[in-house]
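Student: Could you work out the structure for the sequence below:
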Amino acid sequence: MSGAEGFGAADEHEGPGDEEQRAGPPYEDGGDRGENGHTGKGAGGGSGQDPRQAGGPEPDRPARIPTPRASVEDGGRALPDLADPGDLAPVPLDLPHDVLKSLLGAWALAACSAAETAAVEDHLGSCGSCADEARRLREAVGLLHQPESLDLDPGLRARVLASCLERRPPRIPVPEWAAPYDAETARLDALLQDFGDAEWHAPVRLRWFEADAAQSRRTTVAGVIAHLLSVDGLIALGLGLEDPLAEVAGAAGQQAVGPEGRTEAFWRNSHFPPTRSVRGPWREQSHGLVRTVAFTGGHAGGLAVSYGDFELPLHDAMLDRAFECWVHAEDIAEAVDYPYQPPAPRHLNRMIDLAARMLPTALARRRQTGLASPARGRHLGLAGEPGRSLRLEIEGAAGGEWLIPLDSPAAVGSADLEVAHVALDGVEFCRLAAGRIPPAEAAVGQVGDREAIRDVLFATAGLSRL
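Tutor: Numbers count the residues shown, from 1 in each chain. Alright, predicted model coming up:
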């Protein structure tokens, strides 16, 4: 039974005068009632009997149990008048200026009594200095309230770092070409910071294009971080650092060559599916890469990094790893239903530039494998000479224009030999290059040679890989 039911049940058994019975007046002789209703002075001769029950004379005194009191409405007296609401308003206190000024803080916090509030507000109408102070205190109180959203602004870290660097430049600065990798690994690490077991085992589908066909592979959030750890190890090898997959790669032999081979070898040779424990080695490796390129002073940017079947200079390899870190961070954020913003425009522009510079080689590879359509009016020339070109226009804050040579990776883009013009949004172009958007579904503004445009869009999707 609840408390309300208990109280209600008790009320049903009580009469209208029970309260007065329990709170009735004491005996006139001043004696206190003891146990069993006896008086402390032994009334009734100590026999424990009421004189009226013994047949004795009725005592000449008021009844021990008073009668119920009559309501005011039942009597003949007039009802009292209701108080005027204006009479209930607090009367302002007559306080000196110093006391009123000391109450301003409590008034701003709404901690004053009604009379004190009235006195302070009456004083503010005639004292300019106190009115200004009260306004400042009220504005300060407004800053004490927590904002509705506890999520940090994605650009907060960049602004704080920029402000700190303006005041005290780093003793060992990170090269500009390594800054995107530094920023994207830090953003992904912040996303992973509060993940529980459910998030680490959330399913993720990796997608890419190969031979003009969409490919996919199912893994988990922990598996994605293991993939990043495996491929970042290629740069660690190029810099002479310890390879985190040395044992696995040695056991796998030639199968653990290139991004896909190293990832498959790591997944296949792990005793257990990757868990949250993979975050530590990946985080330490990314910090080690940034520290190492910073200590070199940027002079190692031209160092070749082998990807198995091709090589990239170190500064392009770091951009490639920043690009893939962002793309897979979006995959992870989508798997756990969390918003994730694109990179800073200056970093995104560098990633777009890398993809645009890789397109001529990708087009040549398509021609070698028979995927590219025969080009009408193909213009073959010497290395460094102008050739047929497609103008790639990227819109948005990270945008720009690039002339892509169509017939030879050694040719130079030429506006005079332009045969087509394609316009895309910067983020959409990057997602096309990551294999997240099919070429046929990309929102493209296009003018000119349709075959050349199709080859460039499919070559862009072909830049993606596991």
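
Student: Quick check: which ranges of the stretch 301-450 of the chain have low pLDDT?
Tutor: Low-confidence segments of the stretch 301-450 of the chain (pLDDT under 70): 301, 374-382.

Student: try 80 this time
Tutor: 301-302, 373-383, 443 (pLDDT under 80).

Student: now the helices for it?
Tutor: With helices called from DSSP state H, counting those that start in this stretch, the stretch 301-450 of the chain shows them at 314-335, 345-368, 426-433, 450-462.

Student: For Pro281, which of the ones you listed is the nearest?
Tutor: Between Pro281 and those, the shortest gap by C-beta to C-beta is with helix 314-335, which sits at 15.2 Å. (Each C-beta comes from the backbone N, C-alpha and C, glycine too.)

Student: other SSEs contacting the closest one?
Tutor: Helices and strands touching helix 314-335, by 3 or more C-beta pairs under 8 Å, 6 or more residues apart in numbering; DSSP states H and E, are helix 179-192, strand 203-210, helix 221-238, helix 279-295, strand 304-306, helix 345-368, helix 426-433.

Student: what is the mean pLDDT for the second one?
Tutor: I take that to be strand 203-210. Across strand 203-210, the average pLDDT comes to 93.

Student: tell me the angle of that strand relative to helix 426-433?
Tutor: 80 degrees (axes from the mean of the first three to the mean of the last three C-alpha atoms, to 10 degrees).

Student: repeat for the first one
Tutor: Relative orientation of helix 179-192 with respect to helix 426-433: 80 degrees, computed using the same axes, to 10 degrees.

Student: before we move on, back to that, out of the helices of the stretch 301-450 of the chain, which comes closest to Ala411?
Tutor: Comparing the helices of the stretch 301-450 of the chain by C-beta to C-beta, helix 345-368 comes nearest, at 7.4 Å.

Student: which parts of the closest one are buried?
Tutor: 347-356, 358-360, 362-364, 366-367 (16 or more other C-beta atoms under 10 Å).

Student: Could you do stretch 179-195 as well?
Tutor: Of all the residues in stretch 179-195, those buried under the rule 16+ other C-beta under 10 Å are 179-189, 191-192, 195.

Student: so can I have JSON lines of the helices of the stretch 301-450 of the chain showing distance to Leu104?
Tutor: Below are the helices of the stretch 301-450 of the chain laid out as JSON lines (distance: least, C-beta to C-beta, whole Å):
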{"stretch": "helix 314-335", "distance to Leu104": "47"}
{"stretch": "helix 345-368", "distance to Leu104": "47"}
{"stretch": "helix 426-433", "distance to Leu104": "51"}
{"stretch": "helix 450-462", "distance to Leu104": "65"}
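
Student: To Val278, which of the ones you listed lies closest?
Tutor: Evaluated over the helices of the stretch 301-450 of the chain, closeness to Val278 peaks at helix 314-335, with 12.6 Å, by C-beta to C-beta.

Student: Can I get the closest one in CSV, CA atoms only?
Tutor: Extracted in CSV, the C-alpha atoms of helix 314-335 (Å, rounded to 0.1, in the frame of the first residue of the first chain):
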residue,chain,number,x,y,z
LEU,A,314,56.8,11.2,-49.1
HIS,A,315,54.9,14.5,-49.2
ASP,A,316,52.2,13.0,-51.5
ALA,A,317,52.1,9.8,-49.5
MET,A,318,51.3,11.8,-46.3
LEU,A,319,48.5,13.6,-48.2
ASP,A,320,47.3,10.2,-49.4
ARG,A,321,47.2,8.9,-45.8
ALA,A,322,45.4,12.1,-44.6
PHE,A,323,42.8,11.6,-47.3
GLU,A,324,42.2,7.9,-46.4
CYS,A,325,42.1,8.8,-42.7
TRP,A,326,39.3,11.3,-43.3
VAL,A,327,37.3,8.9,-45.6
HIS,A,328,37.5,6.0,-43.1
ALA,A,329,36.7,8.4,-40.3
GLU,A,330,33.4,9.2,-42.1
ASP,A,331,32.8,5.5,-42.5
ILE,A,332,33.2,5.0,-38.8
ALA,A,333,31.1,8.0,-37.9
GLU,A,334,28.3,6.7,-40.2
ALA,A,335,28.5,3.3,-38.5
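
Student: Give me the contacts around stretch 356-367.
Tutor: Contacting residues not belonging to stretch 356-367 are listed as 316, 372, 392, 402, 404-406, 408-409, 411, 455-456, 458-460, 462-463 [C-beta atoms under 8 Å, 6 or more residues apart in numbering].

Student: Show me how far that stretch is from its chain's centre.
Tutor: In terms of C-alpha atoms, centre = their mean, to the nearest Å, the centre of stretch 356-367 is set 38 Å apart from its chain centre.
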